[in-house]
Each structure stands twice: as structure tokens, then as C-alpha cells.
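1. next input, structure requested:
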Amino acid sequence: MNKEMIVDTNILIRLFTKDDDAQMEQLVQLTERGDITFRVLSLVLIEAYWVLRKAYNFDKQTILRVFEDFIEADGVELDEEGLLQQVLARFRRVNVDLIDVYLAEQSRNLRLSVLTWNARDFRKLECEFYRLQDLI
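-> This is a model prediction of the structure:
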């Protein structure tokens with residue numbers, strides 16, 4: 001039986017930090033037997049990044065390596081696979097928040113502008129953006 005399931009952030013954090021041996025073993029057993037496929041939503045991956053940075057003090061490059069290994073693993077499906085690959089690749093090259101990279105990539109894909117007060121970071125992301133004062 002292979003059941004596809006949306007994965008909560010706490011599952012990813014457990015996998016990435018390996019901070020509970022019993023729960024980690026349960027996850028490994030389920031995935032190795034092929035009982036479940038993880039469906040990872042973009043929002044969950046972005047939240048996992050924030051938790052790993054702020055609560056666990058992982059550095060950006062370590063998190064990127066963990067994410068890239070994880071999303072290539074058997075039994076892992078992404079809701080926006082192509083988009084997330086683009087986001088992670090661009091995020092590796094720029095010094096801005098992950099969510100801002102995601103918004104910039106989405107703005108390009110959807111052909112929509114971003115409304116922000118953060119002009120400095122969005123200039124780095126080379127997407128169309130406006131500050132509120134630009135529109136008034």
C-alpha cells in the first residue's frame with residue numbers, strides 16, 4: 001500500500017534534525033517499505049526553512065543541501081516541483097529571504113507584479129515590483 005500524504009512541517013523538522021530517535025525510526029520504516037509518499041507543499045518547505053534557521057540555527061547552505069537531497073529522494077513529491085527547483089537555485093545565489101525568492105518566482109510565472117516595501121531585496125530578484133508610494 002502506498003498512500004500519498006501531505007506532510008506537516010513538524011515531520012520535515014524531525015527528518016532534518018533527527019532529534020527524536022523513536023519517531024525518526026517510525027518515519028524511516030514507513031518510507032523504506034514504500035507505505036507512504038510525502039507530498040510537500042511549498043508553504044511547508046518555506047516554514048521548515050524558517051524553523052531550521054531560527055530555532056535550530058542551521059546555516060543557509062546546510063539547509064539548502066538538506067532540502068536538495070530530500071526533494072530528490074524516492075517517495076517525495078512536491079506540489080510545485082519546477083517552481084521550487086527554481087526558487088532554491090536562485091536562493092542559493094542571492095542574499096534575501098526565501099519567501100521573497102518564492103514571491104519573485106511566482107510573480108514571473110503568474111505574470112503579476114509584487115507589492116512590497118522591500119525594494120532593496122526585490123531589486124536583487126529581478127522581478128517586477130512596486131512600492132506603495134510608487135502607485136499613489
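2. centre-most residue in this protein?
-> residue 45 (3.2 Å; Cα atoms, centre = their mean).
3. next helix or strand past the helix or strand hosting that one?
-> Using DSSP states H and E, residue 45 sits within helix 42-54. Next helix or strand after helix 42-54 toward the C-terminus (DSSP H and E): helix 60-72.
4. show me what that next one is packed up against.
-> helix 9-17, helix 42-54, helix 81-93 (3 or more Cβ pairs under 8 Å, 6 or more residues apart in numbering; DSSP states H and E). Where you see a C-beta, it was placed from the backbone N, CA and C, and this is true even at glycine.
5. pLDDT on the next helix-or-strand element following that helix, on average?
-> Later in the chain than helix 60-72, the nearest helix or strand by DSSP H and E is strand 76-78. Throughout strand 76-78, pLDDT has a mean value of 91.
6. dump the residue contacts of residue 81.
-> The contact partners of residue 81, by Cβ atoms under 8 Å, 6 or more residues apart in numbering, come to residue 71.
7. thinking again about what came up before, so can I have TSV of the helices and strands packed on helix 60-72 showing mean pLDDT and distance to residue 102?
-> Supplementary listing: the helices and strands packed on helix 60-72 in TSV, determined by pLDDT from 0 to 100; distance: least, Cβ to Cβ, whole Å:
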stretch	mean pLDDT	distance to residue 102
helix 9-17	93	15
helix 42-54	96	6
helix 81-93	93	5
